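Chemist: Structural data only, the sequence is not supplied:
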């Protein structure tokens with residue numbers, strides 16, 4: 001009888017364990033290297049510096065690093081504070097962007113706004129910041145509002161502080 005009882009318990013345990021197989025079949029993915037991020041972070045801050053001097057600070061809702069593609073994508077809102085001689089000189093905002101790993105150049109897209117310390121405001125759909133020469137440019141429509149002028153045009157180039165700028169294909173109103 002004891003033997004029968006042990007055999008029954010063993011048989012029951014065998015049935016329980018054999019019914020616990022993995023019912024989820026592995027899925028085949030055709031993802032190649034570089035299609036998924038190597039790193040991700042949320043609500044992050046990244047500093048750009050040269051010789052110990054901070055040049056810019058990027059804050060983003062979501063950052064995805066793609067090592068194989070040599071760039072970092074930024075989305076869920078991006079804010080870049082630019083610095084000159086240790087002081088914040090202007091702020092750039094946009095909904096999404098890209099940082100090129102080799103050069104640390106920044107491209108910002110969707111609802112881009114730049115505001116400098118003097119109150120000048122630039123609005124455009126995309127803007128490129130060149131880290132090496134500390135300048136911004138775009139080939140898109142731009143609107144600049146300063147205390148002295150309200151200017152629009154297609155194409156733009158400036159220092160990152162919006163003090164020395166050129167607008168191409170200009171329209172607008174000027175006051176003295």
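Modeler: Received it, and whenever you're ready, just let me know what you need. The model shown is predicted, which means the values in this text are computed figures rather than measured ones. Numbering: from 1, shown residues only.
Chemist: Show me the strands in this protein, by range?
Modeler: 39-50, 53-66, 71-84, 87-94, 96-100, 106-116, 121-130, 135-145, 149-159, 165-167, 170-174 (DSSP state E).
Chemist: what's the angle between the fourth one and strand 121-130?
Modeler: Pointing back at strand 87-94 there. 100 degrees (axes from the mean of the first three to the mean of the last three C-alpha atoms, to 10 degrees).
Chemist: for the second one, same thing?
Modeler: Relative orientation of strand 53-66 and strand 121-130, computed by the same axes, to 10 degrees: 80 degrees.
Chemist: contact partners of strand 53-66?
Modeler: With contact meaning C-beta atoms under 8 Å, 6 or more residues apart in numbering, strand 53-66 is reached by 34, 37-49, 72-83, 86, 97, 99, 106, 129, 131, 134. No exception for glycine: its C-beta is placed from N, CA and C like everyone else's.
Chemist: again, 7 Å this time
Modeler: By C-beta atoms under 7 Å, 6 or more residues apart in numbering, the residues outside strand 53-66 that reach it are 34, 37-49, 72-83.
Chemist: quick one: buried residues of stretch 94-103?
Modeler: 94, 96-99 (16 or more other C-beta atoms under 10 Å).
Chemist: now it: how far from the chain's centre is it?
Modeler: 5 Å (C-alpha atoms, centre = their mean, to the nearest Å).
Chemist: quick one: average confidence on that stretch?
Modeler: Average pLDDT, stretch 94-103: 92.
Chemist: which residue is nearest the middle of the chain?
Modeler: Closest residue to the average C-alpha location of the chain: residue 74 at 1.6 Å, with C-alpha atoms, centre = their mean.
Chemist: residues touching that one, list them.
Modeler: 60, 63, 96-99.
Chemist: now do 6 Å
Modeler: Residue 74 is in contact with 60, 63, 97, counting by C-beta atoms under 6 Å, 6 or more residues apart in numbering.
Chemist: Show me which of the buried residues of stretch 94-103 is closest to residue 115.
Modeler: residue 94 (12.4 Å; C-beta to C-beta).
Chemist: wait, isn't that closest one in contact with residue 107?
Modeler: No. Between residue 94 and residue 107 there is no contact under C-beta atoms under 6 Å: 9.1 Å.
Chemist: Check residue 169 and give its pLDDT.
Modeler: 90.
Chemist: before we move on, what about residue 57?
Modeler: Predicted confidence (pLDDT) for residue 57: 90.
Chemist: again, but for residue 3
Modeler: Reported pLDDT for residue 3: 60.
Chemist: Quote the end-to-end distance of stretch 142-161.
Modeler: 16 Å (C-alpha to C-alpha, to the nearest Å).
Chemist: Now do the buried residues in it.
Modeler: Buried, per 16+ other C-beta under 10 Å, within stretch 142-161: 142-146, 151-153, 156-161.
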